[in-house]
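> what follows is a predicted protein model with its sequence.
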Amino acid sequence: MGESSPSQQSVCAQEALDLLNCVTDSTFDQDKCLRLLQSLRNCVQNKKVKKFTLAEQSEGKVDSKIKKDD
């Protein structure tokens, strides 16, 4: 029982991902993002999350798509 299951390692991960995707959406909907923020806040309070960390995907690299404006 020493190993953590993926679900234990990704507590509130879906809520965090939904919020991040909301704020990066080109059709930013502030009300929707506020609802997602509240959902994430409820999750971290219920699960007693103290800190988030970013982990690499199972393929060995993080698939991030960053687009800079010049």
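Cool, the structure landed. It should be emphasised that the depicted structure is a prediction, and the values quoted were computed from it without experimental measurement. Residues are numbered from 1 along each chain as shown.
> Val49 contacts Glu15, doesn't it?
No: if you go by Cβ atoms under 8 Å, Val49 and Glu15 don't touch, sitting 10.1 Å apart. In short, each C-beta sits where N, CA and C put it, glycine included.
> quick one: list the elements packing against the lengthiest helix in the chain.
Longest helix in the chain by number of residues, with DSSP state H as the criterion: helix 30-47. Helix 30-47 sits against helix 13-24, with contacts defined as 3 or more Cβ pairs under 8 Å, 6 or more residues apart in numbering; DSSP states H and E.
> got the buried residues for the helix it packs on?
For helix 13-24, the neighbour count (16 or more other Cβ atoms under 10 Å) marks Glu15, Ala16, Asp18, Leu19, Cys22 as buried.
> now do the longest helix of the chain, average pLDDT.
Regarding helix 30-47, the rounded mean pLDDT is 96.
> ok, residues contacting stretch 11-30?
Lys32, Cys33, Leu36, Leu37, Ser39, Leu40, Cys43, Val44, Lys47, Val49, Phe52 (Cβ atoms under 8 Å, 6 or more residues apart in numbering).
> can you add neighbour count and give those back as a markdown table?
Shown next, in a markdown table, are the contacts of stretch 11-30 (neighbours: other Cβ atoms under 10 Å):
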| residue | neighbour count |
| --- | --- |
| Lys32 | 15 |
| Cys33 | 17 |
| Leu36 | 20 |
| Leu37 | 15 |
| Ser39 | 16 |
| Leu40 | 20 |
| Cys43 | 16 |
| Val44 | 17 |
| Lys47 | 11 |
| Val49 | 13 |
| Phe52 | 12 |
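> returning to what we had before: between Val49 and Glu15, what contacts are shared?
Cys43.
> convert the longest helix of the chain to CSV, retaining C-alpha atoms only.
Taking Å, rounded to 0.1, in the frame of the first residue of the first chain, the C-alpha atoms of helix 30-47 are listed here in CSV:
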residue,chain,number,x,y,z
GLN,A,30,-15.8,35.4,-16.7
ASP,A,31,-19.0,34.0,-15.0
LYS,A,32,-18.1,30.5,-16.2
CYS,A,33,-14.6,30.8,-14.9
LEU,A,34,-15.8,32.1,-11.5
ARG,A,35,-18.1,29.0,-11.2
LEU,A,36,-15.1,26.8,-12.0
LEU,A,37,-13.0,28.7,-9.5
GLN,A,38,-15.6,28.1,-6.8
SER,A,39,-15.7,24.4,-7.8
LEU,A,40,-11.9,24.1,-7.4
ARG,A,41,-12.1,26.0,-4.1
ASN,A,42,-14.7,23.6,-2.8
CYS,A,43,-12.7,20.6,-3.9
VAL,A,44,-9.5,21.7,-2.3
GLN,A,45,-11.3,22.5,1.0
ASN,A,46,-13.2,19.1,1.0
LYS,A,47,-10.0,17.1,0.1
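> perfect, I'm done here.
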